[in-house]
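Below: sequence and its predicted model.
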Amino acid sequence: MVICSQCPDEDDSSEEDTTEVYSPLTLEKLARQRLLREEALAISALKDLPHLLFPAMFEEAFINGHTKVLTAMIPVWPYPYLYVGMMIKNRNLETLKAMLEGLDILIAQKVRSSRCKLRQINWKNKYHNVIGIWAGSHELLTRFMTQKQPVQNSPGCGVKKELKVTTQLEIMEGRLDESDRYLFQWAQQRKDSIHLCNTNLEIQGLTKATVIEIFKFLHADCVQDLMLCHLSIEDFDFLNPYLRQMNNLLNLTLCHITDTRSMDDSEMSLLPTFHCLQTLSVNDVPYVYGNLKGFLRCLKNPLESLIITECDLSQSDLDCLPYCLNIFELRYLTLASINLCDLLLEPLGFFLERVGHTLENLELESCGIQDSQLNTLLPALSQCSQLRVVSFNDNEFSLLFLKELLHHTAQLSQLEREVCPAPLECYDRGIVLSHRLENLCPELLDILTAKRMPMEVTFETIECSNCGGFYTYDLETESCHFHI
């Protein structure tokens, strides 16, 4: 018996290459560094600095704390938009004050510099790829900085003011950090000229006084992405009046919500109605058990993505799925780390039939689904003609039923990525038999290639009880790979 053959010995080829590669600085970067060492000279040079050098100069000044240069660059910024992107991680109170001081100078100007085109600053780290674009060609840079990015603005963000500042807000352990508090106070004092738009709001732990404070000047209509973590069910009695103001909320994430109340009311709704919600993600929320129907009652329009992980579901929860009208146009469905092995999955099959014309991504991972349960889902799976991604990873399928699964997915012409569990025949009392996986996978792949040319297929074992690692077999290499 061969067991995890790669565990005892490390492959020398996998050792990290520690050879240092020397990359000399470009003349342009050397010139920027030299210029920034003399801030007065750098500031005086801004009026003649070519437009295309502004982003890189700003990045250098921001990361290295040249606050006077930052202040001077804002009133002469030659593009309509300034995206801080990943540099937000380097933001401290001093760099924030420097940029806001530059905005104050800009606001106070009766006649703006002909060079200045600034209309919006975005401090969301959503635009983390900006630095990569800055390092690219001048053509890409110009296109990015001069054209408006595809951000969906809510009606509440359409306030006609001189400048718009878009940011994200995090309330950690019930408190705002010093920089966020300063920014809010600054914007409140300049509310006639500045529209502070918080599209992302994250609340981890609840302090009522802090929530009351921020909603005095937070434009709730601007909030499009909301994450609520480490709260209790009782906290929603306080939060719901504020949540009702979020008329343009698109994405809602709930995680680690404790339920200390003793109740069994499947008709109760935890959340208010959201008219625009597109994605609902629920992780470790005990309240969902037996209450899924009431939980989904918060939806006014059809949902695009439903993600439920690390929650218990009852049979009644699955039974209600085919009858929840506002999830019949789902594009993404994820049920993961949910124990379904003792439940009847016929209602889930009926639901897949209902969404077969729209569903593009189906993930049923770590659910303990067994052969007989899989068999009830296969007819419905065949009708999901738009599927691009499907994953049944970490379930308990024998070789016979795994073959049946692949015979059905082979009919789905749109599939781009398939992730399947290794068949049960690849284990012996929890120990991975790597040679069996190596021998069986080519046969499984033949089922797909007989119907179509698959793009990405992976078979993955569970963690080996002997070594703690696992194996994957993929289409690209047609071989087993050991992972820890």
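Right, received. Where do you want to start? Residues are numbered from 1 along each chain as shown.

Quick one: list the elements packing against the helix or strand residue 372 falls within.
Assigned by DSSP states H and E, residue 372 belongs to helix 371-382. Counting contacts by 3 or more C-beta pairs under 8 Å, 6 or more residues apart in numbering; DSSP states H and E, helix 371-382 packs against helix 346-354, helix 399-409. Backbone N, C-alpha and C define where each C-beta goes, glycine included.

So which bits of it are buried?
Buried positions in helix 371-382, judged by neighbour count with 16 or more other C-beta atoms under 10 Å: 371, 373-374, 376-377, 380-382.

how about those in CSV, adding pLDDT and distance to residue 64?
As requested, those are exported to CSV (pLDDT from 0 to 100; distance: C-beta to C-beta, whole Å):
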residue, pLDDT, distance to residue 64
371, 94, 60
373, 94, 58
374, 93, 57
376, 94, 61
377, 95, 56
380, 95, 57
381, 94, 54
382, 91, 58
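
Serialize the helices and strands packed on helix 371-382 to TSV and add fields for distance to residue 327.
Formatted as TSV, those follow (distance: least, C-beta to C-beta, whole Å):
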stretch	distance to residue 327
helix 346-354	8
helix 399-409	23
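
Show me which of the buried residues of helix 371-382 is closest to residue 411.
residue 382 (5.8 Å; C-beta to C-beta).

Who are the contact partners of the closest residue to that closest one other than its chain neighbours?
Using C-beta to C-beta, 6 or more residues apart in numbering and skipping residues adjacent in sequence, the residue nearest residue 382 is residue 408, 4.9 Å away. Shown in contact with residue 408 (C-beta atoms under 8 Å, 6 or more residues apart in numbering): 378, 381-382.

how far off helix 399-409 does the helix holding residue 372 point, in degrees?
Using axes from the mean of the first three to the mean of the last three C-alpha atoms, to 10 degrees, the direction of helix 371-382 lies 10 degrees away from that of helix 399-409.

quick one: which helix or strand includes the residue lying closest to residue 460 once chain neighbours are set aside?
Distances taken as C-beta to C-beta, 6+ apart put residue 472 closest to residue 460, at 4.8 Å, once the chain neighbours are dropped. According to DSSP H and E, residue 472 maps onto strand 470-474.

Look up the pLDDT of the spatially closest residue to residue 430 that is not a sequence neighbour for me, please.
Nearest residue to residue 430, sequence neighbours excluded (C-beta to C-beta, 6+ apart): residue 465, at 3.4 Å. Listed pLDDT for residue 465 reads 84.

Pull out the buried residues from stretch 282-300.
Within stretch 282-300, the residues that qualify as buried are 282-299, counting by 16+ other C-beta under 10 Å.

no no, stretch 410-424
410, 412, 415, 418-423.

quick one: which of these is nearest to residue 340?
When the buried residues of stretch 410-424 are compared for distance to residue 340 (C-beta to C-beta), residue 421 wins out at 14.1 Å.

thought the closest one was touching residue 398?
No - look at residue 421 against residue 398 with C-beta atoms under 8 Å: they stay out of range, at 10.3 Å.

still on that earlier bit, for the buried residues of stretch 410-424, which one is nearest residue 256?
Checking the buried residues of stretch 410-424 against residue 256 by C-beta to C-beta gives residue 419 as the nearest, at 26.3 Å.

what's the average pLDDT for the strand holding residue 472?
91.

Can you tell me what sits against it?
Outside strand 470-474, the residues touching it (C-beta under 8 Å, 6+ apart) are 4, 422, 432, 434, 437-438, 441, 456-464, 479-483.
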